[in-house]
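*Asks:* below: sequence and its predicted model.
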Amino acid sequence: MSFKNFIYSLTCLSFSIIIGAAIYEHLAVVPQWSAAPPASLSMLQGEYGLYAQAFWMPIHPITLVLMILTLLLSWKSPRRVNVAIPLIGYAAILAITFVYFVPELIAITTTPYADTVDAALTERAAQWEMLSLVRLGFLIVLSLVLFSGLTRSNHKRY
């Protein structure tokens, strides 16, 4: 396996890890905390609350660096488009994530625990979840573009 193919494969793996983690969170974590906030927020709060940032904070820079490196290594090959489109899309998704998703998630999940259910907060959580699923759908489409580049030549165009 060539160095270029190895880096491209690592990029695909890293992007797949992000998508797999997002699917897991949407199946196992989000339904629990968003069910009836603030009563359902206990899993994210306190000394033993889930600390998902330990995963999300390092994986995004690693994936971005791998995508940029793959783009540079593929610059003169047909694969360039298969890397550039996901990189641009992923960067846009990350920008939206930092502008909307992270602040909204923090605002919802740091609401002080109470045994009651706040209808407005539950509605905000449901909207966050729905928009996050749309974001995940875009990531999956971008991954298909990225993965399809594995079938293209990594040799220079003439």
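*Replies:* The structure has been received and is ready for your questions.
*Asks:* so where is this protein shaky, pLDDT-wise?
*Replies:* 155, 157-158 (pLDDT under 70).
*Asks:* ok, now with 90
*Replies:* 1, 46, 151-158 (pLDDT under 90).
*Asks:* could you say which helix or strand contains the spatially most central residue of the chain?
*Replies:* The residue lying closest to the centre of the chain (C-alpha atoms, centre = their mean) is Ile18, at 5.0 Å. Take DSSP states H and E as the rule and Ile18 turns out to sit in helix 3-24.
*Asks:* all helices for the protein, in order.
*Replies:* Assigned by DSSP state H, the chain shows helices spanning 3-24, 30-33, 53-73, 80-96, 102-109, 119-148.
*Asks:* is it possible to get a markdown table of those that adds distance to Ser40?
*Replies:* (C-beta placed from N, C-alpha, C; glycine too.) Shown next, in a markdown table, are those (distance: least, C-beta to C-beta, whole Å):
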| stretch | distance to Ser40 |
| --- | --- |
| helix 3-24 | 18 |
| helix 30-33 | 5 |
| helix 53-73 | 19 |
| helix 80-96 | 25 |
| helix 102-109 | 10 |
| helix 119-148 | 9 |
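*Asks:* surely Gln45 meets Tyr113?
*Replies:* Yes: if you go by C-beta atoms under 8 Å, Gln45 and Tyr113 touch, sitting 5.7 Å apart.
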